[in-house]
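>>> Sequence first, then the predicted structure:
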Amino acid sequence: MLPLIIIIIGTILIFINGRAIYREKPITFTSSLEISQGDMSELDFKLGELRREFSETILELQKEVEAIKDDKTSPMEEEATQNYYKTEEVAKLLKDGLSIDEIAERLNTSKGELLLIRELYLK
């Protein structure tokens, strides 16, 4: 008798659940999209803005890298050229008999830098 009652109760539960499923509105892609768009919070909006800003920043950096690759003289080469001309100018002034103090005033350079140039490059 107990097994018969369990089978009847199980059948009733299946029937009730079947009716509930049949009454539910099926979820389609369109309805899901409408729900998602309606629930878009301010946080999601800010996240979208951040993603856009990051992508723009990355694009700008890529353009700068390409510009640097296309440029024939790098900043390191420019600095080396400037150092070369400074060394040549210091050597010329030293040949002319000027002291380190006078050269420092003329070139607006520190005495330490001039002494270093004299010791390293002009020997």
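Structure received.
>>> quick one: least confident helix or strand in the chain?
helix 29-38 (a mean of 74; mean pLDDT, DSSP states H and E).
>>> Pull out the buried positions in that one.
Across helix 29-38, burial judged by 16 or more other CB atoms under 10 Å covers no residue at all. Where you see a C-beta, it was placed from the backbone N, CA and C, and this is true even at glycine.
>>> can you check stretch 105-112 too?
Neighbour-count burial for stretch 105-112 flags Thr109 (criterion: 16+ other CB under 10 Å).
>>> For the remainder of this discussion, apply numbering that starts at 43.
Happy to do that; since the first residue is 43 now, the last one works out to stretch 147-154.
>>> now the end-to-end length of it.
13 Å (CA to CA, to the nearest Å).
>>> Residues contacting it, please?
Residues outside stretch 147-154 that contact it (CB atoms under 8 Å, 6 or more residues apart in numbering) are Lys128, Glu131, Val132, Leu135, Leu140, Ile142, Asp143, Ile145, Ala146, Leu156.
>>> Selecting buried members of those residues in PyMOL, what would you type?
Applied in PyMOL, the following selects the buried portion of these according to 16+ other CB under 10 Å:
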select buried, resi 128+132+135+142+145+146+156
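>>> And the contacts of stretch 147-154, which is closest to Asn59?
Nearest to Asn59 out of the contacts of stretch 147-154 is Lys128 (CB to CB; 88.6 Å).
>>> mind checking pLDDT for that closest one?
Lys128 carries a pLDDT score of 81 in this model.
>>> Contacts only, for Asn125.
Under the criterion of CB under 8 Å, 6+ apart, Asn125 has no neighbours.
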